[in-house]
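K.L.:
Could you work out the structure for the sequence below:
(chains A and B)
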Amino acid sequence: DAGVTQSPTHLIKTRGQQVTLRCSPKSGHDTVSWYQQALGQGPQFIFQYYEEEERQRGNFPDRFSGHQFPNYSSELNVNALLLGDSALYLCASSFRGTGVYEQYFGPGTRLTVT
Amino acid sequence: GESVGLHLPTLSVQEGDNSIINCAYSNSASDYFIWYKQESGKGPQFIIDIRSNMDKRQGQRVTVLLNKTVKHLSLQIAATQPGDSAVYFCAEGQGQGAQKLVFGQGTRLTINP
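P.N.:
Numbering: from 1, shown residues only, chains lettered A, B, ... in the order given. Take a look at the predicted model:
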């Protein structure tokens, strides 16, 4: 049973460019959340997707957008990259049922903006 | 506000001793809390969670305590092993289904042989 997978593992981009990160949720999960983790900090919530719609969003600008596909996989897009966007981007998946839901994290994509 | 903080950024313990990692939260309306372990180069790994209708929950070698009166959360690790070395985060679940996790900065746990 595969856990949460993310691609690519590492990525180097230049300021102003655009980037797309990908996530496949754990088998049986239908909800995907994205987090940004700066070095030495805790992860910060970007947004969450369920039923192919953005359901919740954190304090991130519109340069950050996403998508969820019918197979529950998801993409995170960041436009007009800034140096401050350099971070580890984490995807977490969960299953929406009743009550609260455990979130399982992938290994992350390390984005470096130069 | 929406903040979850940790009392200590680093903790060093002897192998075999018990470890206690503390966390303070500010949102008294929160009803779901989680502890994650993050090893170098990996994503956070779920350890244990607790809901606000409980004050204690035990797992394998770990116990989470919740004190809602002072808005304090702690993680106890029994008989600490070298493999427990990592950064530990507490997180608070907010929003619908407590799905928006608000993390603290983390505590680095180092095990001395």
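
K.L.:
Spatially, what comes nearest to the closest residue to chain A within chain B if we skip its sequence neighbours?
P.N.:
Residue nearest to chain A within chain B (C-beta to the nearest C-beta): residue B:103, separated by 3.2 Å. From N, CA and C alone the C-beta is placed, and that goes for glycine too. Excluding the flanking residues, the one nearest residue B:103 by C-beta to C-beta, 6 or more residues apart in numbering or on different chains is residue A:42, at 3.2 Å.

K.L.:
pretty sure residue A:33 is touching residue A:45, no?
P.N.:
Yes - the pair residue A:33 / residue A:45 is scored as a contact, 6.8 Å apart, by C-beta atoms under 8 Å.

K.L.:
Of those two, which one has the most company?
P.N.:
residue A:33 (28 against 24; other C-beta atoms under 10 Å in any protein chain shown).

K.L.:
In contact with that one, which residues?
P.N.:
A:45-49, A:91-94, A:103, B:99-101 (C-beta atoms under 8 Å, 6 or more residues apart in numbering or on different chains).

K.L.:
Please tell me how far the residue lying closest to residue A:101 once chain neighbours are set aside sits from residue B:75.
P.N.:
Ranked by C-beta to C-beta, 6+ apart and with sequence neighbours excluded, the top spatial neighbour of residue A:101 is residue A:94, at 4.1 Å. In this view, residue A:94 and residue B:75 are 21 Å apart by C-beta to C-beta, to the nearest Å.

K.L.:
do residue B:100 as well
P.N.:
Per C-beta to C-beta, residue B:100 is found 21 Å from residue B:75.

K.L.:
give me the low-pLDDT residue ranges for chain B?
P.N.:
Where chain B drops to pLDDT under 70, the residues are B:1-8.
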